[in-house]
Every structure is written in C-alpha cells, then in structure tokens.
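*Asks:* What follows is a predicted protein model with its sequence.
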Amino acid sequence: MTGSLTVAGLGPGDEALVTPEVSAALAAATDILGYGPYVARVAPREGLTLHPSDNRMEVQRASEALRLASEGREVVVVSSGDPGVFGMAAAVFEALERAPQWQTLPIRVLPGVTAMLAAAARAGAPLGHDFCAVNLSDNLKPWPLIEKRLRLAAEADFAIAMYNPRSASRPEGFGRALAALKEAGCGERLVTFARAVSAPEERIETVRLNDATPDMADMRTLVIVGNSQSRRVGRWVYAPRQAR
Ligand code: SAH
C-alpha cells in the first residue's frame with residue numbers, strides 16, 4: 001500500500017488565506033507533521049494524528065514524513081506561508097536525496113500565501129517593482145553572506161523582503177542588517193514593519209530606514225525595505241512600476 005506526502009503552506013495565519021487545495025489536502029490527511037504552532041492550526045479530528053515537533057528538526061521531520069507515507073499513510077507536512085519559502089519543502093527534498101528508496105512516492109508541494117505577499121498587500125505595493133527576499137537567520141548560513149547579499153541587493157536597487165529578522169536567540173543580527181543597509185546608502189528608503197499579518201494583533205508601520213530601530217522587529221515581523229523610488233501615497237507605500 002502506497003501513501004502520499006504533501007507539503008502544504010498554511011498562509012500567514014488567517015483561515016481565509018488558506019487555499020482550497022490546501023484545505024482539501026488537510027481534510028484527506030491521516031497524519032500532519034510540522035513545527036508545533038503550525039500543526040496547532042489544524043483542527044483535530046478522528047482518524048487524524050498530529051505530530052508537532054521542534055523548530056530545528058526539519059530534515060528529521062521530513063524523513064519521518066517520508067517513512068509514514070511509505071507505510072501507506074496520507075501525510076501532510078505543514079509550513080506557515082508558502083512551504084517553498086524558507087519552509088519545509090526544501091527539507092523534504094534534502095531528506096529524499098538521502099533516502100533514494102522513497103523517490104518513487106507520490107509527493108506534491110502545495111503553495112500558500114507567503115508572508116511577504118500578505119505584508120506587501122497590507123502596505124500597498126512595496127514589491128511592485130523588482131525585489132528579492134532574504135532570510136536573516138544565520139542558523140543555516142554564515143552571517144557575512146547575509147550582509148553581502150543585503151549590500152548587493154541595495155546596490156542593485158531591489159526592494160528587500162526580510163524574513164526571520166530577529167529572535168531571542170539572535171538578538172543582534174537585525175541591528176547589524178540595518179547598519180549594513182545604512183552604510184550601503186539606504187538611509188532614506190522607506191521600511192515597512194509588518195507584524196502578525198492577518199492575525200488579530202496585526203500591526204503595520206512604515207518609517208525611513210534612518211529612523212528604524214532593531215526593537216521594531218521580532219520573529220513575527222516581516223520587514224520590507226523599499227527600493228530607492230518607493231514612496232508614500234496617503235497611508236500607502238508603493239514602488240513605481242518604472243525604474244530610472
Ligand atoms: N514559509 C513562511 C516563512 C517562514 S520563516 C512563509 O512563506 O511566509 C518565518 C518568518 O516569516 C517570520 O520570522 C516572519 O518574518 C515571517 N512571517 C510568517 N508569518 C508572518 C505573519 N503572519 N506576519 C508577518 N511575518 C510573518
């Protein structure tokens with residue numbers, strides 16, 4: 001008996017932002033694996049086993065999901081937002097590379113609304129021109145590489161969506177990121193702090209980068225640094241479609 005493995009994105013938080021495709025996969029699942037707070041977003045029901053796990057056990061969790069699928073279970077691995085954006089999809093393929101016996105399993109990746117798109121929509125259209133996304137966590141890459149990418153993104157005049165800006169275990173990084181961007185000449189750019197987008201405690205705030213301070217971000221914040229042309233119109237922020 002062959003089961004299946006689905007990697008699904010739950011969106012930024014609000015039920016209304018879960019795609020129908022993901023809802024259908026969750027309804028058909030026998031097992032849900034993922035980081036505890038994300039698994040907690042799936043309602044328990046008979047016949048469904050929830051497997052919450054710790055945040056840093058991604059590849060182990062992915063291997064467990066593949067094993068369950070090979071035993072005939074209908075397994076869904078959940079990420080917040082989109083599973084391909086700093087989420088579980090890459091961890092599943094990493095686990096698959098290590099375990100060729102599972103490469104014939106039916107595997108699907110279902111997209112979700114990633115935090116930067118939900119945040120950008122709240123702010124207006126700060127990603128309306130060319131942009132990039134950078135994960136500020138140095139758990140899986142060295143900090144100098146993060147600073148290099150920020151410097152080059154600034155030079156290329158991309159708007160920059162920053163995920164994982166700051167956590168209790170990494171209190172310093174975000175301040176250094178802001179300093180690197182100032183040094184790269186971005187002091188006058190608009191920066192939007194979008195916290196807990198689509199949750200009741202949502203807060204959106206935009207300031208000039210020169211006025212931004214590290215304490216304005218936490219682990220539930222997505223930060224968007226505008227490009228050099230980004231501007232305000234009323235309460236909105238947008239990046240004009242034309243570049244000079
Ligand atoms: N796969 C997820 C990202 C996981 S990394 C996605 O596609 O959205 C976790 C980071 O995402 C957080 O530190 C934060 O920067 C951002 N994030 C996730 N949900 C968010 C929300 N509702 N509001 C603001 N930022 C969010």
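*Replies:* Ah, there it is. Residues are numbered from 1 along each chain as shown.
*Asks:* For the closest residue to the ligand within the chain, list each beta-bridge partner.
*Replies:* For the chain, the residue closest to the ligand is Gly81, as judged by CB to the nearest ligand atom, at 2.0 Å. Where C-beta positions appear, they are placed from N, C-alpha and C, glycine not excepted. Using DSSP bridges, the bridge partners assigned to Gly81 are Gly11.
*Asks:* Distance check, it against Met162.
*Replies:* Separation of Gly81 from Met162 (CB to CB, to the nearest Å): 14 Å.
*Asks:* same check, this time on Glu58
*Replies:* 20 Å.
*Asks:* Next: Arg41.
*Replies:* 24 Å.
*Asks:* More neighbours: those two, which one.
*Replies:* Ranked by neighbour count (other CB atoms under 10 Å), Arg41 and Met162 place Met162 first, with 27 against 16.
*Asks:* Can you read off the pLDDT for the spatially closest residue to that one that is not a sequence neighbour?
*Replies:* Nearest non-adjacent residue to Met162, counting by CB to CB, 6 or more residues apart in numbering: Val223, 4.2 Å away. pLDDT, Val223: 98.
*Asks:* isn't there a strand covering Val223?
*Replies:* Yes - applying DSSP: H, G, I helix; E, B strand; the rest coil, one finds Val223 inside a strand.
*Asks:* tally of neighbours for it?
*Replies:* Counted with other CB under 10 Å, Val223 comes out at 26.
*Asks:* Would you mind listing what in this structure touches the ligand?
*Replies:* 12-13, 79-82, 85-87, 114-115, 119, 163-165, 194-199, 219-222 (CB under 6 Å from any ligand atom).
*Asks:* Can you tell me which of these are buried?
*Replies:* Among the residues of the chain next to the ligand, those classed as buried by 16 or more other CB atoms under 10 Å are 12-13, 79-82, 85-87, 114-115, 119, 163-165, 194-198, 220-222.
*Asks:* in the helix or strand encompassing Ala121, what counts as buried?
*Replies:* According to DSSP states H and E, Ala121 maps onto helix 115-123. Applying a neighbour-count criterion of 16+ other CB under 10 Å, one finds 115-120, 122-123 buried in helix 115-123.
*Asks:* Other residues contacting it?
*Replies:* 11-12, 17, 80-81, 85, 126-127, 133, 161, 163, 192, 194, 197-198, 202, 204, 206, 222, 224, 236-237 (CB atoms under 8 Å, 6 or more residues apart in numbering).
*Asks:* Who's the closest spatial neighbour of Asp218, skipping the chain neighbours?
*Replies:* Arg166 (5.7 Å).
*Asks:* Low-confidence ranges, the protein, go.
*Replies:* Within the chain, the ranges that satisfy pLDDT under 70 run 1.
*Asks:* check contacts around Gln80.
*Replies:* Small correction: residue 80 is Ser, not Gln. Ser80 touches 9-13, 35, 38, 87, 112, 115, counting by CB under 8 Å, 6+ apart.
*Asks:* How is this structure partitioned into domains?
*Replies:* If you go by automatic domain parsing, the domain ranges for the chain are 4-113, 116-238.
*Asks:* Please convert those domains to a markdown table, extending it with distance to Arg244.
*Replies:* Converted to a markdown table, the domains of the chain look like this (distance: least, CB to CB, whole Å):
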| stretch | distance to Arg244 |
| --- | --- |
| domain 4-113 | 30 |
| domain 116-238 | 7 |
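*Asks:* just the helices in the protein please.
*Replies:* 20-28, 36-39, 58-70, 88-98, 115-123, 143-155, 173-183 (DSSP state H).
*Asks:* Could you identify which of those helices is most buried?
*Replies:* Sort the helices of the chain by mean neighbour count, taking mean count of other CB atoms under 10 Å, and helix 115-123 sits at the top with a mean of 23.
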